[in-house]
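>>> Sequence first, then the predicted structure:
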Amino acid sequence: MQKILNQINNEFQPSSTGKYLPVYDPSRGIPYAEVPDSSEDDLNAAVAAARAAFPSWSATTPKQRHDLLMKLADLIDRDLEALAKMESIDNGKPLSLAKSVDIPRAASNFRFFASAITQFSGAAHSMNQPDAINYTLRQPLGVVACISPWNLPLYLFTWKIAPALAAGNTVVAKPSEVTPMTAFRLAQLSVEAGFPPGVLNILHGTGTGIGNAISTHPQIKAISFTGSTTVGGKIASLAAPRFKKLSLEMGGKNPNIIFADCDYEKMLETTLRSSFANQGQICLCGSRIMIERPLYEKFKKDFIKKTKQLQVGPPLEKETTTGAVVSAPHLEKILSYFSIAASEGGIFLCGGQRKILDAPFDQGYYVEPTIIEGLSANCRTNQEEIFGPVVTIMPFDREDEVLGYANDIPYGLSASIWTQDLSRAHRMARNIEAGIIWINTWMLRDLRTPFGGVKSSGVGREGGWEALRFFTEMKNVCVKL
Ligand code: NAD
């Protein structure tokens, strides 16, 4: 059983309590590693190390930070194969996905913010009467915390850590206790890259334990969180009265709106991905598919056919397109929505069951890709985040009608719109309540663009300058000439 350790001050150590939590291999449903169940004492040690490292780290030049972040990116590239395998085993996602998306993107995150910090600047405002100049500094905050979820473990962890470090902060980071393996490896790589002790500290443990302690720690100046809306709300309720800066990236239930004039083949191929990639466990997945009525029956037939061709199987096998969902509790949650959908009158067009593979994967957490129709827009199945390989399809007749379906929900993360009508595409984009809109595509990302949601999906934005702005404090200096 592999033992994961905390990284504090560049030393690798167990929790001070000596307690561990099991880490499961979702492909087999068995524990294969142990992760420290860290305590407040561990957090205090990590924060003390980060505070001690802050004066010298924040005094480094952007070029020095650039060079270290680039070095770390190179080490991630060097270890691509091994990291992808770890991610696949830890999370249940197909190895091919980890290799082509998760790990390369983690390296890109470091490269992107390494370069960005060399271009980041403050502002100046001159005054004529009286003669004066204001300049606005952008200074690092101090010790900041990064808390990330299990669905894109290294990808999202580095999406926070990279800008935090680039901006000159020192970091206490907590990956999900469900998928901690690549974060542990990242900690080792950061030491190899030459990050000074205390600059990056990675602690493991539960949300209610170490996570809560992070949210209330008086020396942590900011929290960048990605995870569920419920937990985001909890963190906000603890951190806001302590006046911490907060960035919250939370749940989604995104509409995928398909008009009859769309580029059909492109839409169909992309919709298969936006529905079932990573077993539907991407916050951006389009789990509510709305199809203009003239196209409905054709789409339904073709989409079912394509979905049935997906290969649910062991994540490390080459042919697998759909791996295991992440954990037993998450499997139970997804299956419970099958009962809810059935009770709400949903018709299962395919899937709707747990999938049992042959031994030794017969205890793994596999779910058949599932399409449900016949549900109202406001039923629980269509309003609550399921976060599995499950989509609903529904017809619509009018633009204002589908806009109502899209917006009448607490979430507002992303939306896809499929149409060749330029005016309609822009009109819809303007009127949909979401932070990210894709027209005739899905999950096409440019790291410079603002990333995040509205309503219960998020507060603040990540990406590009927004992330560097979040991880810095403005200070205006007024000089009378
Ligand atoms: P989660 O909210 O259960 O956990 C996320 C992280 O928060 C984990 O590290 C967890 O240990 C920690 N945590 C839990 N309770 C905490 C507490 N009380 N205080 C501090 N930290 C706590 O989410 P999850 O199940 O890991 O991930 C799935 C969710 O993440 C989905 O809702 C999904 O939509 C969302 N997500 C959002 C985005 C986005 O960019 N908006 C991206 C990926 C995932």
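Looks like it arrived, so ask away. As the structure is a prediction and not an experimental result, all values here were calculated from the model.
>>> near the ligand, which residues of this structure?
With Cβ under 6 Å from any ligand atom as the criterion, the chain meets the ligand at residues 147-151, 156, 174, 176-177, 206-208, 211-212, 215, 226-228, 231, 234-235, 249-252, 283, 385, 387, 413, 453, 457-458. Heads up, the C-betas are built off the backbone N, CA and C, glycines and all.
>>> Among those, which lie within strands?
Those of those mapping onto strands are Ile147, Lys174, Thr226, Glu249, Gly458, per DSSP state E.
>>> Columns neighbour count on top of those, output as TSV?
Formatted as TSV, these follow (neighbours: other Cβ atoms under 10 Å):
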residue	neighbour count
Ile147	25
Lys174	28
Thr226	25
Glu249	27
Gly458	28
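>>> farthest-separated two in those residues?
Lys174 and Gly458 (19.1 Å; Cβ to Cβ).
>>> if I pick the closest residue to Gly458 other than its chain neighbours, what's in contact with it?
Of all residues not flanking Gly458 in the chain, Gly452 sits nearest, at 4.3 Å (Cβ to Cβ, 6 or more residues apart in numbering). By Cβ atoms under 8 Å, 6 or more residues apart in numbering, the contact set of Gly452 is Ser247, Glu249, Leu413, Gly435, Ile436, Gly458, Val459, Gly460, Arg461, Glu462, Gly463, Glu466.
>>> swap the cut-off to 6 Å and go again
Taking Cβ atoms under 6 Å, 6 or more residues apart in numbering, we find Gly452 in contact with Glu249, Gly435, Gly458, Arg461, Glu462.
>>> Any chance of TSV for the residues you listed, columns pLDDT?
Below are the contacts of Gly452 laid out as TSV (pLDDT from 0 to 100):
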residue	pLDDT
Glu249	98
Gly435	98
Gly458	97
Arg461	97
Glu462	98
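>>> just curious, which of those residues is nearest to Ile289?
Gly435 (20.0 Å).
>>> Would you mind giving the domain segments of this structure?
For the chain, automatic domain parsing gives the domain ranges 2-250+457-480, 255-446.
>>> highest average neighbour count across those domains?
Mean neighbours per residue, mean count of other Cβ atoms under 10 Å, is largest over the domains of the chain for domain 2-250+457-480, with a mean of 20.
>>> In this structure, which helix is the longest?
Ordering each helix of the chain by length in residues (DSSP state H) puts helix 40-58 first.
>>> For that one, name the packing helices and strands.
Here helix 40-58 touches strand 6-8, strand 143-147, strand 170-174, strand 200-202, going by 3 or more Cβ pairs under 6 Å, 6 or more residues apart in numbering; DSSP states H and E.
>>> cutoff 8 Å now
strand 6-8, strand 132-140, strand 143-147, strand 170-174, strand 200-202, helix 212-216 (3 or more Cβ pairs under 8 Å, 6 or more residues apart in numbering; DSSP states H and E).
>>> Put together a markdown table for those, with distance to Leu331 and mean pLDDT on each row.
Shown next, in a markdown table, are the helices and strands packed on helix 40-58 (distance: least, Cβ to Cβ, whole Å; pLDDT from 0 to 100):
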| stretch | distance to Leu331 | mean pLDDT |
| --- | --- | --- |
| strand 6-8 | 29 | 98 |
| strand 132-140 | 41 | 98 |
| strand 143-147 | 24 | 98 |
| strand 170-174 | 24 | 98 |
| strand 200-202 | 28 | 98 |
| helix 212-216 | 26 | 97 |
